[in-house]
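Chemist: Have a look at this fold, sequence not included:
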């Protein structure tokens, strides 16, 4: 399993496990099962509507079909944006989509990944085309489409299996990566802090820092408490101040510790 080092905004490298092809394939199959079950449910719902035939009734049926089946095509983009890089399959297989800088991908990055999920859609499309072709309706256009689809799908498979960061075409262009998450983490290993309800935050700019960078800061503070001669806290504090355009006379440790406290308070509001 390859290890991927992702530099954060403060030149702190974070190491992640890049999932193997088998784990990503299993996550994809789970997502496809969810989509299939939704299609079955949508078909049953569609049978409840007595629309059909020419004229307005035919148009109404088409509109209802479009509404009912649109979640299948929008499944990945909606899930990943609303759950911060997760889908049902990824959650079960402990995977997550992150940006190459270690933080949460932007909406545009999620959108690029979704638009280039052609390889996923080709699995379903190719199945229908192959059935259609084997039924004796093979045409030159269908054969070329099947060849193109298989080629695109295999390209994605080869990229995931052989690239250093296990990226498919959509990941490369969106500058994202799929990582394996650690399900054994506890609150002590996160940036979680108990904050009083009457706490007053001092640096609201902290909300511009990604969760990954905050976790890196938390780890720096933990190292500093064990070794007071560790100067990385000073360097990180200066980089954070410059990045957030903050001027503070606090010590490096107190400043970074205050940031974590502010984040915990503001993120729950």
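Modeler: Looks like it came in fine. As the structure is a computational prediction, the values presented were derived from the model and not from experiment. Residues are numbered from 1 along each chain as shown.

Chemist: Could you identify the helix or strand that succeeds the longest helix anywhere in the chain?
Modeler: Among the segments of the chain that qualify as a helix by DSSP state H, the longest is helix 55-82. Next helix or strand after helix 55-82 toward the C-terminus (DSSP states H and E): helix 88-92.

Chemist: coming back round to it: which strands or helices does the longest helix of the chain pack on?
Modeler: In terms of contacts (3 or more CB pairs under 8 Å, 6 or more residues apart in numbering; DSSP states H and E), helix 55-82 is packed against helix 21-46, helix 107-115. C-beta: built from backbone N, CA, C; applies to glycine.

Chemist: Return the mean pLDDT over the shortest one, rounded to an integer.
Modeler: Right, the one you point to is helix 107-115. If you average the pLDDT over helix 107-115, you get 88.

Chemist: Which strands or helices does that helix pack on?
Modeler: helix 55-82, strand 95-99, helix 169-174.

Chemist: and the second one, which strands flank it?
Modeler: Right, strand 95-99. strand 176-180 (antiparallel) (DSSP bridges).

Chemist: shouldn't residue 202 be in contact with residue 255?
Modeler: No - Residue 202 is beyond contact range of residue 255, at 9.5 Å (criterion: CB atoms under 8 Å).

Chemist: of these two, who's got more company?
Modeler: The neighbour comparison of residue 202 against residue 255 (other CB atoms under 10 Å) goes to residue 255, with 21 against 15.

Chemist: Burial check on residue 217, number of neighbours?
Modeler: Other residues lying near residue 217 total 25 when counted by other CB under 10 Å.

Chemist: wait, doesn't it sit right on residue 261?
Modeler: No - here residue 217 does not reach residue 261: they are 11.6 Å apart, not a contact under CB under 8 Å.

Chemist: ok so, going back, report the buried residues of the longest helix of the chain.
Modeler: In terms of neighbour count (16 or more other CB atoms under 10 Å), helix 55-82 has its buried residues at 61, 68, 69, 72, 75, 76, 77, 79, 80, 81.

Chemist: Among the residues you listed, show me the least confident.
Modeler: residue 61 (69).

Chemist: per-domain residue ranges of this protein.
Modeler: If you go by automatic domain parsing, the domain ranges for the chain are 3-180, 187-266.

Chemist: Quickly, which of the ones you listed bottoms out on average pLDDT?
Modeler: Minimum mean pLDDT among these: domain 3-180, a mean of 76.

Chemist: before we move on, the earlier item: using JSON lines, please lay out the buried residues of helix 55-82 together with distance to residue 29.
Modeler: Output for the buried residues of helix 55-82, formatted as JSON lines (distance: CB to CB, whole Å):
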{"residue": "61", "distance to residue 29": "31"}
{"residue": "68", "distance to residue 29": "23"}
{"residue": "69", "distance to residue 29": "20"}
{"residue": "72", "distance to residue 29": "15"}
{"residue": "75", "distance to residue 29": "14"}
{"residue": "76", "distance to residue 29": "14"}
{"residue": "77", "distance to residue 29": "19"}
{"residue": "79", "distance to residue 29": "15"}
{"residue": "80", "distance to residue 29": "17"}
{"residue": "81", "distance to residue 29": "22"}
